[in-house]
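*Asks:* Take a look and give me a structure for this.
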Amino acid sequence: MSKIIEFTNICKQFKIPEKKNGKWSFLSNFFKRKYKIIQALDNINFSINEGDIVGYIGPNGAGKSTTIKIMSGILTPTSGECIINGYIPWKSRKEYVKNIGVVFGQRSQLWWDVPVIDSFELLKDIYKISDEEYKETLNILNKALNLEELLSRPLRQLSLGQKMKCELAGSLLHKPKILFLDEPTIGLDAVTKLAVRDFVKYINKVWNTTIILTTHDMNDIEALTNKIILIGKGKILYNGSFDNIKHQYANEKIIQVEFTKPYENVYLDGYELISHEKNVATFKTLNNTEFHTKSFLNEISQKYDIVDFSINSLSVDEILARLYKEYKL
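*Replies:* Numbering: from 1, shown residues only. Okay, here's the model as predicted:
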């Protein structure tokens, strides 16, 4: 697979003015202002193959937005090299943006008071899309996203989910090779979330669109991505498949046991007691040891009389929380 995005030793610093406290601090700030340097990105290195769907994740303030702005050509890094689709984004911005699409969950590229179709027509002229190609692409997007009833309505009249569908369509009218999605499902209902995820997978498969997804919704990550990049405090902490992360915690189980009667104290070797109330106790496996249901039942039934039990693996959100904890984020 050919690499479409390459980041090499990218650093980005911001100079922030320091504020002094005190009665006459404004005079001091006026005559001699001091600054502090914030290291937003610290020697970032990664590459992304054409056709990948990559989840770019991390806590707030980790450096995700700064990275996306550099990849979009909005920001210039302090140092390092970035080649995307053969271009340096901030140096060849006019040519570069012809092959990228950007969707920000809380911002719009469509016009607020005009029908959606009019916004699409303006984007067609901006990207210099031929009439034939525009008609063909719009037909594909219309069928995939069910836009028929939305095109004649102003953006301000649409629900959040309807707006997101139109934003996705607008960003793809010129069939970009790379699509940047920032929190695309934030605030959406469950049905619309599934529709957006299905559409993202569809364009990735049909057009081989490379997709960079930043989100705090780990269900999006699990459903869509074949690779994740974890950033924290401006550094890349993990770069690999999400399956590897899940496998790392696959043996960790949460087991809830219901007893025939209340027990004052409950204890089991090799398991951590999370909670114990009346005749129900919840355990967690320790040290990622291999778990066998039969062994667990034999062991606990020798000590206590049980009625029922349930076993659950860690959720994707719990896995992410564990990652953040391990990396002290």
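*Asks:* Quick check: chain neighbours aside, which residue is closest to Ile68?
*Replies:* Phe180 (5.8 Å; CB to CB, 6 or more residues apart in numbering). No exception for glycine: its C-beta is placed from N, CA and C like everyone else's.
*Asks:* what does the host helix or strand of that neighbour contact?
*Replies:* Per DSSP states H and E, Phe180 falls inside strand 178-182. Contact with strand 178-182 is made by 4-5, 65, 68, 71-72, 84-85, 99-105, 171-172, 200, 203, 209-215, as judged by CB atoms under 8 Å, 6 or more residues apart in numbering.
*Asks:* again, only using 7 Å
*Replies:* Residues outside strand 178-182 that contact it (CB atoms under 7 Å, 6 or more residues apart in numbering): 4, 68, 71-72, 84-85, 99-105, 171, 209-214.
*Asks:* Check what pLDDT the residue nearest to Ile68 gets.
*Replies:* With respect to pLDDT, Phe180 scores 94.
*Asks:* What residues are bridge-paired with it?
*Replies:* Val102, Ile212 (DSSP bridges).
*Asks:* which stretches of the stretch 151-300 of the chain form helices?
*Replies:* Applying DSSP state H, counting those that start in this stretch to the stretch 151-300 of the chain gives helices spanning 160-172, 190-207, 218-224, 242-248, 293-303.
*Asks:* tell me what the third one is packed against?
*Replies:* Where contact means 3 or more CB pairs under 7 Å, 6 or more residues apart in numbering; DSSP states H and E, helix 218-224 is packed against strand 53-57, helix 190-207, helix 316-326.
*Asks:* Return the most buried member of those.
*Replies:* strand 53-57 (a mean of 24; mean count of other CB atoms under 10 Å).
*Asks:* so what does the following helix or strand past that strand touch, helix or strand wise?
*Replies:* Following strand 53-57 in sequence order, the next helix or strand is helix 64-72 (DSSP H and E). Packing contacts for helix 64-72, counted by 3+ CB pairs under 7 Å, 6+ apart, involve strand 3-17, strand 35-49, strand 178-182, strand 210-214.
*Asks:* hmm, back to that, now the strand holding Phe180, how far from the centre of its chain.
*Replies:* Computed by CA atoms, centre = their mean, to the nearest Å, the separation of strand 178-182 from the middle of its chain amounts to 10 Å.
*Asks:* what's the pLDDT at Phe31?
*Replies:* So Phe31 comes in at 61 (pLDDT).
*Asks:* can you check Tyr56 too?
*Replies:* 93.
*Asks:* Could you check the angle the strand holding Phe180 makes with helix 190-207?
*Replies:* Taking axes from the mean of the first three to the mean of the last three CA atoms, to 10 degrees, one finds that strand 178-182 is oriented at 160 degrees with respect to helix 190-207.
*Asks:* and strand 178-182 with helix 160-172, angle?
*Replies:* Using the same axes, to 10 degrees: strand 178-182 against helix 160-172 is 150 degrees.
*Asks:* Just the CA trace of strand 178-182, in CSV.
*Replies:* This file holds the C-alpha atoms of strand 178-182, laid out as CSV (Å, rounded to 0.1, in the frame of the first residue of the first chain):
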residue,chain,number,x,y,z
ILE,A,178,-8.5,12.4,1.9
LEU,A,179,-11.4,13.2,4.3
PHE,A,180,-10.8,14.8,7.8
LEU,A,181,-13.7,14.1,10.2
ASP,A,182,-13.7,16.0,13.5
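*Asks:* Could you check the angle it makes with strand 210-214?
*Replies:* Using the same axes, to 10 degrees: strand 178-182 against strand 210-214 is 10 degrees.
*Asks:* can you pull the buried residues of strand 178-182?
*Replies:* By 16 or more other CB atoms under 10 Å, the buried positions in strand 178-182 come out as Ile178, Leu179, Phe180, Leu181, Asp182.
*Asks:* What distance do you get for the second one to Glu167?
*Replies:* Taking CB to CB, to the nearest Å as the criterion, Leu179 is separated from Glu167 by 11 Å.
*Asks:* How about the last one?
*Replies:* Between Asp182 and Glu167 the distance is 11 Å, computed by CB to CB.
*Asks:* Quick check: neighbours shared by these two?
*Replies:* Listed as contacting both Asp182 and Glu167 by CB under 7 Å, 6+ apart are Val103.
*Asks:* ok, now which ones touch Leu230?
*Replies:* Listed by CB under 7 Å, 6+ apart, the contact partners of Leu230 are Ile57, Gly58, Leu237, Tyr238, Leu323.
*Asks:* so what's it bridging to?
*Replies:* Here Leu230, judged by DSSP bridges, has bridge partners Ile57, Tyr238.
*Asks:* Tell me the spacing between it and Ile221.
*Replies:* 10 Å.
*Asks:* any shared contact partners between those two?
*Replies:* Jointly contacting Leu230 and Ile221 under the rule CB under 7 Å, 6+ apart are Ile57.
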